[in-house]
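A.B. asks: Need a 3D model of the sequence below.
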Amino acid sequence: VVRRLTGEDGEGEALGGVSAHRLGGYRLRAAAAVPERDLEAVAAVGGRFVCPGDQEWPRQLDDLGDARPIGLWVRGRPHLRIWALRSVAVVGARACTPYGAHMAASLASGLAERG
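C.D. replies: Residues are numbered from 1 along each chain as shown. Okay, the predicted model is just below:
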């Protein structure tokens, strides 16, 4: 299924596999985004935002092509690119169910406990 990402003028680019409802959700989140606030908040807890092209970016993520994340929120001192050589990813939905959130937390804590 290919939908059109349209602006007010009706023009847009093809966006594959995205329903009108989902696209509406993306638009709402984008309209409410305040990147400066988010960057200040993560810096206040010793974190940072790492994106493709940064020295710290784990190049393994580039194998995902268009599905790679636009960036990663990172907290802690280790250099992410080196740290990611021995890593596991827990990937899920942005709008997950309560059960999905519970399972993600359970998996993540179990993995963290085992190093």
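
A.B. asks: so where is the chain shaky, pLDDT-wise?
C.D. replies: Low-confidence segments of the chain, defined by pLDDT under 70, are located at 1-18.

A.B. asks: repeat that for 50
C.D. replies: Counting by pLDDT under 50, the chain has low-confidence residues at 1-12, 14.

A.B. asks: nearest residue to the spatially most central residue of the chain other than its sequence neighbours?
C.D. replies: With distances taken as CA atoms, centre = their mean, Pro69 lies nearest the centre of the chain, 5.0 Å away. Sequence neighbours aside, Leu61 is the residue nearest to Pro69 in space, at 6.6 Å (criterion: CB to CB, 6 or more residues apart in numbering). C-beta coordinates here come from the backbone N, C-alpha and C atoms, glycine included.

A.B. asks: What does that neighbour show for phi and psi?
C.D. replies: Backbone torsions of Leu61, given as degrees, to the nearest 10, read phi -70, psi -20.

A.B. asks: again with Ala32
C.D. replies: phi -90, psi 0.

A.B. asks: Near it, how many other residues are there?
C.D. replies: The number of residues packed near Ala32 is 7, by other CB atoms under 10 Å.

A.B. asks: repeat for the one 3 residues further on
C.D. replies: The burial metric for Pro35, expressed as a neighbour count using other CB under 10 Å, is 8.

A.B. asks: Run through the strands of this structure in chain order.
C.D. replies: For the chain, strands defined by DSSP state E occupy the ranges 2-6, 12-16, 47-50, 72-75.

A.B. asks: Sounds good, over and out.
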